[in-house]
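Colleague: Need the 3D shape of this:
(one chain, ligands or ions: 3)
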Amino acid sequence: MQGVTTLHEFILERQAEFPFATGELSRILNDISLAAKIVNREVNRAGLVDILGAQGNVNVQGEQQQKLDVIADERFIQAFKTGGEICGIASEENDDFVAFDNEISRNGKYVVLFDPLDGSSNIDVNVSIGTIFSIYRRTSPAGELATLEDMLQKGTEQVASGYVLYGSSTMLVYSTGCGVNGFTLDPSIGEFCLSHPDMKMPETSRLYSMNEGNLLICEEGIRQYINFCQQVDPPTGRPYSGRYIGSLVADFHRSLIKGGIYIYPDTTLNPEGKLRLIYECNPLAFIAEQAGGLATTGRKRILDIQPERLHQRTPLFIGSKKMVEQVMGLIEEYANKKIDA
Ligand SMILES: O=P(O)(O)OC[C@H]1O[C@](O)(COP(=O)(O)O)[C@@H](O)[C@@H]1O
Ligand SMILES: [Mg+2]
Ligand SMILES: [Mg+2]
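Modeller: Numbers count the residues shown, from 1 in each chain. Ligands and ions are numbered 1, 2, ... in the order given. A predicted model of the protein is given here:
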């Protein structure tokens, strides 16, 4: 089709750049786009069919599972089970990882870790939500069942990651380590089409994003940073504007396009932070770095963290390079002041 590149075509074009590519990763990306279209259909008609509200269970995160959390989880697991490229998965919604125990899948080279529905608190109020995914090569031998070690790899080992944003339009954004590209779903043809080639995150911006309800229970350096953003100083474009959607995917997507910083710190109530390292932070950190941004715990690079547990949480400071560097500087400065005091 003149001038339009579909996701499928783009994946095949990029695959051709890797002489030894077998097509398995390409098929996984296509499986993800198909499952995303099915979930998108459910999201779009959520108010018309009985899929709003809570499912009635509490998940391993201690959260009330929403019906759409479960539906999205099932749709993606179904997509991952069939292809044969994937030997196992881990989902934010499931207590344990799943090793696919059939002959074809046992020979699959990859594992997928995912947050099937991100922004669950926004489902019922028709605010943008998403899906986040992360793909690794297995470390266990082919032919055997996938293992916990396959799931607990450092973020630096990702071969691909991305997210789907179910918003005013539906987008799929991903990276295989050669830049970041965004595709918009054209409902009239049912195809994701290249709309945001080679995405670059601006180095700085006037947008900051944090649930300020946590300001009194996080560390001083962060309060000082938010205070800096809110100071009146026209020459530096301050006060900056606060933006907080409450769906990580949507807040991240805005930062990717317009620049900005998203902060979800550890607090006295959540000493580890809230967001999940392997389902949420690693995949977005991979995208952020590929687009020229940064992702840290406030002290350490997210992608360098060695995961120890499936549902491990971490503080997250992600976004424009200069903004993340500035808040890290303040965190260190005030932590040292506290020590010296
Ligand atoms: O309500 P809070 O504490 O601000 O947390 C909002 C954050 O929690 C999340 O909803 C957690 O993700 P899930 O919806 O997948 O559980 C993020 O999307 C969002 O950024
Ligand atoms: Mg989430
Ligand atoms: Mg979720």
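Colleague: Need the distance between the two termini of stretch 142-152.
Modeller: Stretch 142-152 has an end-to-end distance of 17 Å (C-alpha to C-alpha, to the nearest Å).
Colleague: And the pLDDT for residue 254?
Modeller: Looking at residue 254, its pLDDT reads 98.
Colleague: measure it to residue 173 for me?
Modeller: Counting by C-beta to C-beta, to the nearest Å, the gap between residue 254 and residue 173 amounts to 12 Å. Using the backbone N, CA and C atoms, a C-beta is placed for each residue, glycine as well.
Colleague: more neighbours, the two?
Modeller: residue 173 (26 against 20; other C-beta atoms under 10 Å).
Colleague: Which positions in the stretch 151-300 of the chain make contact with ligand 1?
Modeller: 211, 246, 247, 248, 274 (C-beta under 6 Å from any ligand atom).
Colleague: would you turn those into CSV with distance to residue 137, neighbour count and secondary structure?
Modeller: Shown next, in CSV, are those (distance: C-beta to C-beta, whole Å; neighbours: other C-beta atoms under 10 Å; DSSP: H, G, I helix; E, B strand; the rest coil):
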residue, distance to residue 137, neighbour count, secondary structure
211, 35, 15, coil
246, 34, 16, coil
247, 30, 23, coil
248, 26, 26, helix
274, 29, 19, coil
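Colleague: of those residues, closest to residue 292?
Modeller: Residue 292 has its nearest neighbour among these in residue 248, at 19.6 Å by C-beta to C-beta.
Colleague: any idea what sits nearest the closest one, other than its immediate chain neighbours?
Modeller: residue 118 (5.5 Å; C-beta to C-beta, 6 or more residues apart in numbering).
Colleague: before we move on, what about residue 21?
Modeller: residue 15 (4.7 Å).
Colleague: And that neighbour, how far from ligand 2?
Modeller: 29 Å (C-beta to the ion, to the nearest Å).
Colleague: What of residue 298?
Modeller: Going from residue 298 to ligand 2 by C-beta to the ion gives 19 Å.
Colleague: isn't there a strand covering residue 317?
Modeller: Yes - with DSSP: H, G, I helix; E, B strand; the rest coil as the criterion, residue 317 is located in a strand.
Colleague: so residue 147 makes contact with residue 153?
Modeller: No - taking contacts as C-beta atoms under 8 Å, residue 147 lies outside contact range of residue 153: 11.0 Å.
Colleague: ok, those two, which is more surrounded?
Modeller: Set residue 147 next to residue 153 and count neighbours by other C-beta under 10 Å: residue 153 wins out with 20 against 17.
Colleague: Give me the mean pLDDT for the one helix or strand residue 65 maps to.
Modeller: Here residue 65 sits within strand 64-66, counting by DSSP states H and E. On average, the pLDDT along strand 64-66 is 92.
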